[in-house]
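1. The following comprises the amino acid sequence and a computationally predicted model.
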Amino acid sequence: AGSRAIEGFLGSRSVPNKAKFRLSDKVSSNVSRIASDRFGSHIVEDCYKACSIEKKKTLVQSLAAAQQELRASFFGALVLKKCKVDEFVKEGDKWEEGEASNVRKRGLFE
C-alpha cells in the first residue's frame, strides 16, 4: 500500500531531512483527514518520529487544533496519544524538553 511506501521514505537514512520535512508540512495541512484513517494514522506517527523539534511542534499544533474531531475517531485518538498532544496542550515547555531529549538520545544511536 502507499502508506507503507511513505513509511519507508520517512524511515530511510538515505532520504534527506529536507524532503521528509516537506512531506511533514503536507501532512500537517491535512492532518485531521489523514490521522483519522486506518493507514494514514501510521503516516502521521512516522512523520512525528522523523521530524525535528520545530516540525513536530507544527504537526502537534495541527493535531491540537483538530483534537475534538480526532477524538471521535479510533485511529485519530491513537495518533493524539502517540504524538503526546495532551501533554503539549497542558505543558508545552515540558513536552518540548522531553522531545528534545528523545531527539538527542536517538541521535546517539544513528
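-> Happy to help now that I have it.
2. what helices or strands is the longest helix anywhere in the chain leaning on?
-> If you go by DSSP state H, the chain has its longest helix at helix 92-108. Applying 3 or more Cβ pairs under 8 Å, 6 or more residues apart in numbering; DSSP states H and E, one finds that helix 92-108 makes contact with helix 53-65, helix 85-90. All C-beta atoms are positioned from the backbone trio N, CA, C, and that covers glycine.
3. Now do the contacts for the closest residue to Phe39 other than its chain neighbours.
-> Nearest non-adjacent residue to Phe39, counting by Cβ to Cβ, 6 or more residues apart in numbering: Ser3, 3.9 Å away. By Cβ atoms under 8 Å, 6 or more residues apart in numbering, the contact list for Ser3 reads Phe39, Gly40, His42, Ile43.
4. sec struct for the residue nearest the centre of the chain, please.
-> Nearest to the geometric centre of the chain sits Tyr48, at 2.5 Å (Cα atoms, centre = their mean). Three-state call for Tyr48 (DSSP: H, G, I helix; E, B strand; the rest coil): helix.
5. Quick check: which ranges of the chain have low pLDDT?
-> Regions of the chain meeting the criterion pLDDT under 70 cover residues 1, 106-110.
6. ok, now which ones touch Ala35?
-> Contacts of Ala35 by Cβ under 8 Å, 6+ apart are Ser41, Val44, Leu63, Ala66, Leu70, Ser73, Phe75, Gly76, Val79, Leu80.
7. go again using 6 Å as the cut-off
-> Under the criterion of Cβ atoms under 6 Å, 6 or more residues apart in numbering, the neighbours of Ala35 are Ser41, Val44, Leu70, Gly76, Val79.
8. and the residue nearest to Lys20 when sequence neighbours are not counted, how many residues sit next to it?
-> Closest residue to Lys20 apart from its sequence neighbours, by Cβ to Cβ, 6+ apart: Ala50 at 5.0 Å. Close neighbours of Ala50, defined as other Cβ atoms under 10 Å, add up to 20.
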